[in-house]
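Undergrad: Sequence first, then the predicted structure, then my questions.
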Amino acid sequence: MPERDATDEQLLLSGEAEDFGVFYDRHVDPLLGWFARRTRNPDVAADLTAETFAGALAARPRFRPRSEPAVAWLHGIAQHKLADYYRRGGSEDRMCRKLGMARPPLDDEDRAMIEMLAREAALSLVETLPADQRDAVYAHVLEDEGYDEIAASSQTSAATIRQRVSRGLAALRRREEARR
């Protein structure tokens, strides 16, 4: 019986399949959202998430605890899978088409869940911005409001709103780049 309160490191070191299942359950949704934000494609995000956990399962015997948490190890694998995906480009898709093979399609419920995870992750990042930038980014990017519309409702100029959006997005990009 897996220990639900065990650390990620303990779960990975145990060697038990059930413990890896607990590790998977803890991290599958955030990882799926991470891939969905980067690829903007729910099908690819699902594939890369599956590839990452398959890679983690295969590499599990070599896992050694370090100063960073075990989830950093998982994200290292995920970053390699994402880099491989970008390096492969469309060649894999072209090969599948030539062979008459197709990916099993996601159903609408799975696609909606992946998109929801990506949106929740984006919202949590936006929440870290200063209030004026957060409100401007939320309204313009997530709610698709125009600069003039936002400016009128916040009683400021469209130029100010543009600047807030620009600064907020730049801050989010810097945070993402620092995490990579």
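TA: Everything's here; your move.
Undergrad: Which strand or helix spans the spatially most central residue of the chain?
TA: Nearest to the mean C-alpha position of the chain, counting by Cα atoms, centre = their mean, stands residue 34 at 0.5 Å. Secondary structure from DSSP states H and E places residue 34 in helix 17-39.
Undergrad: Could you pull out the buried residues of that helix?
TA: Within helix 17-39, the residues that qualify as buried by neighbour count (16 or more other Cβ atoms under 10 Å) are 19-20, 22-24, 26-27, 29, 31-39. Backbone N, C-alpha and C define where each C-beta goes, glycine included.
Undergrad: Now do the domain split for this protein, please.
TA: 1-106, 127-180 (automatic domain parsing).
Undergrad: Could you dump those domains into TSV and include mean pLDDT?
TA: Converted to TSV, these look like this (pLDDT from 0 to 100):
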stretch	mean pLDDT
domain 1-106	83
domain 127-180	83
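Undergrad: give the contact list for the nearest residue to residue 12 once chain neighbours are set aside.
TA: Distances taken as Cβ to Cβ, 6 or more residues apart in numbering place residue 63 nearest to residue 12, at 4.8 Å, with adjacent residues excluded. Listed by Cβ atoms under 8 Å, 6 or more residues apart in numbering, the contact set of residue 63 reads 12, 13, 70, 73.
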